[in-house]
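Colleague: below is the sequence, then the predicted model.
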Amino acid sequence: MKINPNKLRKHVLDMVYEKQSGHIGGSFSMAEITAYLYNNYDLLTPNKDKLILSKGHAVPILYAALYELGRIDTLENFREVNSPLQGHPDKIRLNLMHATTGALGQGLSIAIGHALACKTKNLNNKIFCVLGDGEVQEGQIWEAFMLAPKYELDNLVCFIDYNKSQNDGYVKDILDMGDLGAKIKSFGWDICVIDGHDLKDIDSVMTGLKNHKKPVCIILDTIKGKGVSFMEEPEWHAKAPNKEEYNNALKELGYESN
Amino acid sequence: MKATRDGFGDQLVISGKDNPNIIGLSADLGKATKINKFGEAYPDRLFEMGIAENNMIGVASGMSEYGYKVFLASFASFLTGKYDTIRCSIAYSNAPCIIVGTHCGMAIGKDGVTQMGLEDISLMRSLPGMNVLNPSTYNQTKAVVKWLCDTNLSNPYYLRLGRQPVKELYYEDIKFELGKGIILKEGSNGVVFSTGCVSSDVLEAAEGLDITVIDMPTIKPIDKEIIKQYAHQNIFTVEDHSIIGGLGSSVAEVIAEEGIHSKLHRIGLNDTFPESGAPADLYEKYGLSASKIRKRISNELDK
């Protein structure tokens, strides 16, 4: 079964509406890459491919994918006490999460640890990491960017969900990152920029990844809140919809309102 | 006389021989922390991370997912200062790594406060699941490192080590027992709990005094039983660390919770940053020299 990105958005919308808590904008911008990775890689078997969500606040989109794949039974306990579906990924409470994240800036280092260990053990797998474009303001991210080329981590793919907004507003206004691709390239990475909402674009870059020696950083040009017109604004970073907004959003995603 | 950091470096080479899953991470202080000895013996198992401790902490967490026992080493102050990274990537992630913080205490002397680990026990002790070890001599450190290498760890450890050579108090082949204090001397007028490299000075300070001296290589989990058994009157703690949150606080928590009604005297840094200087001069000025410790104890015993 192939996961449909809009179906993931619908689950995220339901979760955040029901609990009046959670992050819609940065989950919606990741719907296509999430669907693509779960559809095309083995993220469910130990010692196979790993997905480290460094921008941990977007975890509802991963829960949605795992629900679609039948790996979690319900999304109704999202953010509830005694639930494996914590507000940010918790690999102890839910071992389908490959890293515990949420304090921004830490995931790429953990992903490098995975990639380095897998190389020394000759495991033929891929380690994926997803960063936010606001998150790269954290200094630790650049420590990680520095290190990965040293060990020629050709099993590591870092995505940046380049949705141009962060908690308090647009990235360009908070702390403009300038030519992010050029900066990361100068650290020794291979860089490409693609439309993060185009599954064909994603597929062509991912299938062309063979035979590279360097770690790869794929900048996903995305829209925060993508899929619901009125949510494509920075204010929807961590805002929960009211009933009317919820119903309008459902319609825009192509679902009947409740 | 050898330093506890030497015990770490030497034992890691020995234990690493038959255990290929032991690996090391270093942040450009491998000569000082002695983890470079491990790298010289097993070059493909020591990974140099550069001067980037936050990243090293995350890499350690990721590598520990694959059956590796990861020792990550730097100065105690530089490592434990990356608190949120240790909190989330190691402690909350329950990554069973061994964080090795050397150059603890003002005993490092002339390099000054920025290089001294002075609040590291306090910081690490408050993290859920984090164990805190602070061995006092070369042989004890070897025993601790051997235990860490031979034991299937289910949560993370902080290992606190010193730079200065210290007088040996233990036999070469002692075994480490997690969470157990060790009685160095018995007396009847009170008890001194000591931890880390200062323990040999404490023993010297207590010479001729009718007082028990107990070495506490494990700060967390604390040995409640030995505290309950010996802490009745004239209770002292000594540590080259802040008295806030370290051994003194750990003992205070136990005696308060157990309803032990006796005064506790915490000897260590009293909410202050020390300074550069010869270690002996600093210990004299800040009350940790054997003579100052002895004076403090005997003043109380004479009351």
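Modeller: Everything's here; your move. Bear in mind that the values here come from a model prediction, so they are computed numbers and not experimental data.
Colleague: helix, strand, or coil at the residue nearest to residue B:218 when sequence neighbours are not counted?
Modeller: The shortest distance from residue B:218 to any non-neighbouring residue, by C-beta to C-beta, 6 or more residues apart in numbering or on different chains, is to residue B:179 (4.9 Å). The C-beta positions use only the backbone N, C-alpha and C, and glycine is treated the same way. Of the three states, residue B:179 takes coil under DSSP: H, G, I helix; E, B strand; the rest coil.
Colleague: how deep is residue B:179 tucked in, by neighbour count?
Modeller: Per other C-beta atoms under 10 Å in any protein chain shown, the neighbour tally for residue B:179 reads 17.
Colleague: residue A:257 now?
Modeller: 11.
Colleague: any idea how far the nearest residue to it once chain neighbours are set aside is from residue B:58?
Modeller: Distance criterion C-beta to C-beta, 6+ apart; nearest residue to residue A:257, sequence neighbours excluded, is residue A:247 at 3.8 Å. Using C-beta to C-beta, to the nearest Å, residue A:247 is found at 42 Å from residue B:58.
Colleague: need phi/psi at the residue nearest to residue B:218.
Modeller: Dihedral pair for residue B:179: phi 80, psi 20, per degrees, to the nearest 10.
Colleague: any idea how far it lies from residue B:97?
Modeller: 20 Å.
Colleague: surely residue B:113 meets residue B:269?
Modeller: No. In this structure residue B:113 lies outside contact range of residue B:269 using C-beta atoms under 8 Å: 10.3 Å.
Colleague: which one's more surrounded, the two?
Modeller: Here residue B:113 and residue B:269 are set side by side on neighbour count (other C-beta under 10 Å), and the busier one is residue B:269, at 23 against 13.
Colleague: list the beta-bridge partners for the more buried one.
Modeller: Beta-bridge pairing for residue B:269 (DSSP bridges): residue B:242.
Colleague: what sits against it?
Modeller: B:106, B:118, B:240, B:241, B:242, B:243, B:286 (C-beta atoms under 8 Å, 6 or more residues apart in numbering or on different chains).
Colleague: tell me how far the second one lies from residue B:90.
Modeller: If I follow you right, that is residue B:118. According to C-beta to C-beta, residue B:118 stands 21 Å off from residue B:90.
Colleague: do the first one as well
Modeller: Going from residue B:106 to residue B:90 by C-beta to C-beta gives 26 Å.
Colleague: go on, the last one?
Modeller: Using C-beta to C-beta, we find residue B:286 at a distance of 31 Å from residue B:90.
Colleague: who has more neighbours out of these two?
Modeller: residue B:90 (29 against 19).
Colleague: and for residue B:153, the neighbour number?
Modeller: Neighbours around residue B:153, by other C-beta under 10 Å: 16.
Colleague: hmm, it is touching residue B:96, no?
Modeller: Yes. Applying C-beta under 8 Å, one finds residue B:153 in contact with residue B:96, separated by 4.1 Å.
Colleague: partners of the residue nearest the centre of chain A in the sheet?
Modeller: Residue closest to the mean C-alpha point of chain A, counted by C-alpha atoms, centre = their mean, is residue A:130 at 4.6 Å. Beta-bridge pairing for residue A:130 (DSSP bridges): residue A:53, residue A:159.
Colleague: which parts of the stretch 1-150 of chain A are strands?
Modeller: When secondary structure is read from DSSP state E, counting those that start in this stretch, the stretch 1-150 of chain A shows strands at A:50-53, A:127-132.
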